[in-house]
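1. Sequence plus the predicted model coming up.
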Amino acid sequence: MGKITLRNVTKKFGDVAVIPALNLDIENGEFVVFVGPSGCGKSTLLRLIAGLEDTTDGSILIDGADATDTPPAKRGLAMVFQSYALYPHMSVRKNISFPLKMAGVDPAEATRKVDNAAKVLNLTSYLDRKPGQLSGGQRQRVAIGRAIVREPKAFLFDEPLSNLDAALRVNMRLEITELHQTLKTTMIYVTHDQVEAMTMADKIVVLNAGRIEQVGSPLTLYRNPANVFVAGFIGSPKMNLITGPEAEKRGATTIGIRPEHIDLSTTAGEWQGEVGVSEHLGSDTFLHVHVPGMPTLTVRAGGEYGVHHGDRIFLTPQADKMHRFGADGKAM
């Protein structure tokens, strides 16, 4: 089991509350992603769950038992950090088996667990190598293997892919998601990359200044953002947010429209603008269009869309995909 419950969990450094009173339920077997900008408190919250930081107030329950004051080693959780933290002089096998050795596990049982973890992570042929002989992605898999053999109630990942290049990040993202499908164990994953959040999570927790802005499935947050912050954070490229007369005539303080929900024309449309920078990505082209009286709008077009810098273009937002937000920033 791996249900984790946070009740009025608070963390203060001096007089500064980096995590104001916060409540959250993480169900057994869920893949939950904490996402938000730098400094939003997501890593601090993960460390509170792990027991690496003391809570100032509130309680943390693991499978219904109060673990607020339980030492990290006794919480039954395994953490994978941004740095691999491998022992360079040890083989992959010895690195993975190290926590079992420290726990006094029978050597034959330890060998079985290491072999099983290596099989799951495609590391079997690398067990006799040293970390220096591995790629960054392979080293991160070794760090994950070291967590797997402990058979924890939940895995805690603190930005584990930050040190990898773009291609390896994509591969490891898929591997961790596949791992979750295989193990069916609760996973909590911290990232500032909302693309990782959208592609990996069963449930996303959007944090801002230590507060939860919204909790929901990736598509729920994409389709129905609760407020301007979530609207501007979830989605890549991010939602266009417009204030002023355009919003007011629609009875809102702010309106939002995603780049993929704006129709393009070279002859007629609701808004007229001038093409600025075009980002050609092969399958898609993202146009940055200057419309008088509005911020620069990002519009998604097909990869072969033929316009150039300085061209006149017309934009029409899809009315049923428009988001409206009030003066308090909340969805209307």
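-> Received it, and whenever you're ready, just let me know what you need.
2. where along the stretch 151-300 of the chain do the helices fall?
-> 166-183, 194-200, 218-223, 228-233, 245-248 (DSSP state H, counting those that start in this stretch).
3. out of these, which comes closest to residue 127?
-> Closest to residue 127 of the helices of the stretch 151-300 of the chain, according to C-beta to C-beta: helix 166-183, at 17.6 Å. C-beta: built from backbone N, CA, C; applies to glycine.
4. contact partners of that closest one?
-> 31, 120-121, 135-137, 140-141, 144, 148, 157, 160-161, 164, 187, 189, 196, 199-200 (C-beta atoms under 8 Å, 6 or more residues apart in numbering).
5. and with 7 Å instead?
-> 31, 120, 136, 137, 140, 161, 164, 187, 196, 199, 200 (C-beta atoms under 7 Å, 6 or more residues apart in numbering).
6. Please name every helix or strand in contact with the strand or helix carrying the fifth one.
-> Following DSSP states H and E, the helix or strand that holds residue 140 is helix 136-148. If contacts are counted by 3 or more C-beta pairs under 7 Å, 6 or more residues apart in numbering; DSSP states H and E, helix 136-148 sits against strand 77-80, helix 92-102, helix 107-120, helix 166-183.
7. ok, so what distance separates residue 41 from residue 121?
-> Distance, residue 41 to residue 121, using C-beta to C-beta, to the nearest Å: 31 Å.
8. so who does the nearest residue to residue 4 once chain neighbours are set aside touch?
-> Once flanking residues are discounted, residue 4 sits nearest to residue 26: 4.3 Å by C-beta to C-beta, 6 or more residues apart in numbering. By C-beta under 7 Å, 6+ apart, the residues touching residue 26 are 3, 4, 32, 186, 188.
9. who's sitting farthest from the centroid in this structure?
-> No residue in the chain sits farther from the centre than residue 267, which is 40.3 Å out by C-alpha atoms, centre = their mean.
10. Mind telling me what element the residue nearest to it when sequence neighbours are not counted is part of?
-> Nearest in space to residue 267, with sequence neighbours left out and distances taken as C-beta to C-beta, 6+ apart, is residue 314 at 6.7 Å. Secondary structure from DSSP H and E places residue 314 in strand 312-317.
11. quick one: strands adjacent to that strand?
-> strand 262-265 (antiparallel), strand 271-280 (antiparallel) (DSSP bridges).
12. Relative to the whole chain's centre, how far out is that strand?
-> How far strand 312-317 lies from its chain's middle: 33 Å, per C-alpha atoms, centre = their mean, to the nearest Å.
13. Any chance you could list what contacts it?
-> Contacts for strand 312-317 (C-beta under 7 Å, 6+ apart): 257, 261-275, 289, 291, 297, 299, 307.
14. Could you rerun that using 8 Å?
-> 257, 261-275, 287, 289, 291, 297, 299, 307.
15. buried subset of the residues you listed?
-> For the contacts of strand 312-317, a burial check counting by 16 or more other C-beta atoms under 10 Å picks out 257, 261-262, 264, 269, 271, 273, 275, 287, 289, 291, 297, 299, 307.
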